[in-house]
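# requesting a structural model of the entry that follows:
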Amino acid sequence: MPRAQKAAIYCRVSTLHQVDRDSLPMQRQDMINYAKYVLGIEEYEVFEDAGYSGKNTDRPAFQAMMERIESGEFSHVLVWKIDRISRNLLDFATMYARCKKLGVTFVSKNEQFDTSTAMGEAMLKIILVFAELERNMTSERVASTMNARAAEGKWNGGRVPFAYRYDRETDSFSIRDDEAKVALELKDIYLRTHSLTYTARLLNEAGRRTRRGYAWAPVTVAIILRSPFYRGTYRYNYRDESDTTFSFKGQQDWILCEKHHPPLFSDADCKQIDFWLKKNRRQHGKATHTQRKLVHIFAGLIRCGACGSNYIASISRARASGYRPSMYLCGGRRRSGTCKNRFVNDILVGNFVFNYISNMIRLRSAFRPRWTAARIQKFLLEGDVFAGVAPSTDTVRRVRAVLLASGSGTVKYQPSGEARVSTTAQARKKNLQAELEKNRRALSRLMHLFLYAEEEMSQVDFLREKHRLRDNITRLQGDIEKEQQASIFASSLTDEEFLQKAARLLFQDAMAHGNIDFPTLAMRVGNLELKKFVNAVVEQIVVLDGHITQITFANGETHTFLYQ
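Presented below is the predicted three-dimensional model:
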């Protein structure tokens, strides 16, 4: 059924003097007559903005009209001249693109642009071509200015890196002693442990915090270790800001200014940092192994309890059932033969890890406050796979404390996608997202005002406001990322979301009865899905003499096991 013909007539004058005289009434009557007698549209509504400039579209009547156009109320938009919409071609191009997508015909009376005709459509396309050209040239001019400043070693703004302070008057950086001590401690811990996770954990245990008071996370540790800023180099134009995820550009586009400011890390330390970051990235199986035909489920997670090396994955022989597990051997033993730690395979590790997680889930449902530590221990290690195994006293004590703090009762397991985040967390994330969008719009508007405003804005004011908005955007993106991480990983092993994540994969019947047969589960679910699950909830597995002695979960909790 064709849409009913109804016109949105938009009028605007920029001064109250024009309102009081004939301009606004003349526009209104002229377009009403045009709608009736030329377009043949009897039904219309007039939107008027009196005393508003055409340099942008922040006008109440215009915004109200666009909202009603979005709802599908109008078939035509009629203006006296194009500049009544905006004197900025980019604003007009945005408005026209929206109308076209909604199937609304745009008509400019004086310029005879009617997009229902071939000529009107062609003329508007010419305008849009020039609008796009203007937008691209503007972007190039601004980028060229910023790149030229960076090439001269001038700071283009943004968040000042941790351990440094910036002096606007001298346009120079200096080391901030209090934060520098933490950054140097971070570097020393990493060079000793070769682990981002351990570095973050040890910093947090020592009470160290980021500049904004947050706990350290592996990702924030990695940012400092990888950043050339701590090596005295200023890097600019390395992020693709046209992408909302701020991905990296090719290195040929980067601007690097060496000896820009005092370095915090020595050249020797930087070489060691790069060596271990590259080595761990190559050996860590979360990304590299998933591309192979055979997926090694526990690749990158198993560490030698004797020498501390990562275990290396390889293919093992197929079993009678058709299941072909992976085998894991200590990297130190494979390279030099100095370590004598035994190999393990998917069957041993998988049966232990998945049955232990299943027992934790069922323990959460069955636990009662009167239960003793011995009963909790028995429940955690129920099953033939745990013969001769006992959890450490500290592990049982912490599990019992968490269970008591969280309360007893049955966990309601929900299917994938139905887990609920707390109302408070949802509201907090929604507010952060709204604030982020507000700052992004403000940054876009600032660019338009700087280039097109009737009153000229100084470059100093523009850069100062641009830096402030960019800092806000970076901060809000970090806050949103922390909220997302908090919603993925539970703060303790018995939190609802952690258990539901495990329950969705291990299946209700397996959790209810225990005794998971890992090869059967792997053949039914697939190695890739099991690997995704393990990488989501397990951070590290320590093996000694063919036995699992520790499991560190993604929320930081470590469970230790003793053998008779």
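
# please name the nearest non-neighbouring residue to residue 388.
Excluding the flanking residues, the one nearest residue 388 by CB to CB, 6 or more residues apart in numbering is residue 564, at 4.7 Å. (Glycine included, C-beta is placed from N, CA and C.)

# was I right to think that neighbour contacts residue 386?
No - with contact defined as CB atoms under 8 Å, residue 564 does not reach residue 386; the gap is 11.3 Å.

# which of those two has more neighbours?
Neighbour count, other CB atoms under 10 Å: between residue 564 and residue 386, residue 386 has more, with 18 against 6.

# and the more buried one, how far from residue 366?
Here the criterion is CB to CB, to the nearest Å. By it, residue 386 lies 17 Å from residue 366.

# mind checking how far the residue nearest to residue 388 is from residue 67?
Remark: distance between residue 564 and residue 67 (CB to CB) = 73 Å.

# now swap in residue 480 and tell me
For residue 480, the distance to residue 67 equals 27 Å [CB to CB].

# the two - which one has more neighbours?
Higher neighbour count among residue 480 and residue 67: residue 480, with 16 against 10, using other CB under 10 Å.

# pretty sure the more buried one sits against residue 436.
Yes - if you go by CB under 8 Å, residue 480 and residue 436 touch, sitting 6.6 Å apart.

# residues in contact with stretch 221-230?
161-164, 183, 186-187, 190, 196, 199-200, 203, 234-235, 256, 261, 263-265, 273, 277 (CB atoms under 8 Å, 6 or more residues apart in numbering).

# let's see that with 6 Å instead.
161, 196, 199, 200, 235, 264, 265, 273 (CB atoms under 6 Å, 6 or more residues apart in numbering).

# just put those in TSV and tack on distance to residue 528 and secondary structure.
Listed next are the contacts of stretch 221-230 as TSV, based on distance: CB to CB, whole Å; DSSP: H, G, I helix; E, B strand; the rest coil:
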residue	distance to residue 528	secondary structure
161	38	coil
196	24	helix
199	29	helix
200	28	helix
235	36	strand
264	41	coil
265	38	coil
273	32	helix
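
# out of these, which one sits closest to residue 84?
Proximity of the contacts of stretch 221-230 to residue 84 was ranked by CB to CB; the top entry is residue 235 with 46.2 Å.

# next up, the contacts around that closest one.
228, 256.

# gap between it and residue 180?
Taking CB to CB as the measure, residue 235 and residue 180 are separated by 20 Å.

# shouldn't residue 5 be in contact with residue 41?
Yes - applying CB atoms under 6 Å as the test, residue 5 and residue 41 come out as touching, 4.8 Å apart.

# quick one, which of these two is more surrounded?
residue 41 (21 against 16).

# which of the three states applies to that one?
Secondary structure, DSSP: H, G, I helix; E, B strand; the rest coil: residue 41 is coil.

# quick one: which of the contacts of stretch 221-230 is most hemmed in?
residue 199 (25 neighbours).

# before we move on, could you check phi and psi at residue 7?
The phi/psi pair for residue 7 (degrees, to the nearest 10) reads phi -100, psi 140.

# can you get me a residue count around it?
Neighbours of residue 7 (other CB under 10 Å): 25.

# bridged to it, which residues?
For residue 7, the beta-bridge partners under DSSP bridges are residue 44, residue 76.

# give me the below-cutoff pLDDT ranges for the stretch 1-150 of the chain.
1-3, 15-22, 54-56, 87-90, 112-115, 124-125, 127-136, 138-147, 149-150 (pLDDT under 70).

# can you give me the helices in it?
Assigned by DSSP state H, counting those that start in this stretch, the stretch 1-150 of the chain shows helices spanning 16-20, 23-33, 60-70, 89-102, 118-151.

# with the stretch 251-400 of the chain instead?
Going by DSSP H, counting those that start in this stretch, the stretch 251-400 of the chain shows helices at 267-283, 285-288, 331-336, 346-366, 373-380, 393-406.

# give me the angle between the longest one and helix 393-406.
Yep, that's helix 346-366 we're talking about. Angle, helix 346-366 to helix 393-406, by axes from the mean of the first three to the mean of the last three CA atoms, to 10 degrees: 40 degrees.

# how far does helix 346-366 sit from the chain's center?
Distance of helix 346-366 from its chain centroid, counting by CA atoms, centre = their mean, to the nearest Å, is 31 Å.

# can you report how many residues lie near the residue nearest to residue 158 when sequence neighbours are not counted?
Nearest residue to residue 158, sequence neighbours excluded (CB to CB, 6+ apart): residue 470, at 5.7 Å. By other CB under 10 Å, the residues close to residue 470 number 17.

# from residue 214, how far out is residue 470?
For residue 470, the distance to residue 214 equals 20 Å [CB to CB].

# what's the helix or strand for residue 541?
Using DSSP states H and E, the element containing residue 541 is strand 538-544.

# centre of the chain to that strand, how far?
With CA atoms, centre = their mean, you get 27 Å for strand 538-544.

# pull that strand out as CSV, backbone CA atoms only.
What follows is strand 538-544, C-alpha atoms only, in CSV (Å, rounded to 0.1, in the frame of the first residue of the first chain):
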residue,chain,number,x,y,z
VAL,A,538,41.6,-21.2,33.3
GLU,A,539,44.7,-19.1,33.4
GLN,A,540,47.4,-21.8,34.1
ILE,A,541,47.9,-25.4,35.0
VAL,A,542,51.1,-26.5,36.8
VAL,A,543,52.3,-30.1,36.2
LEU,A,544,54.9,-32.0,38.2
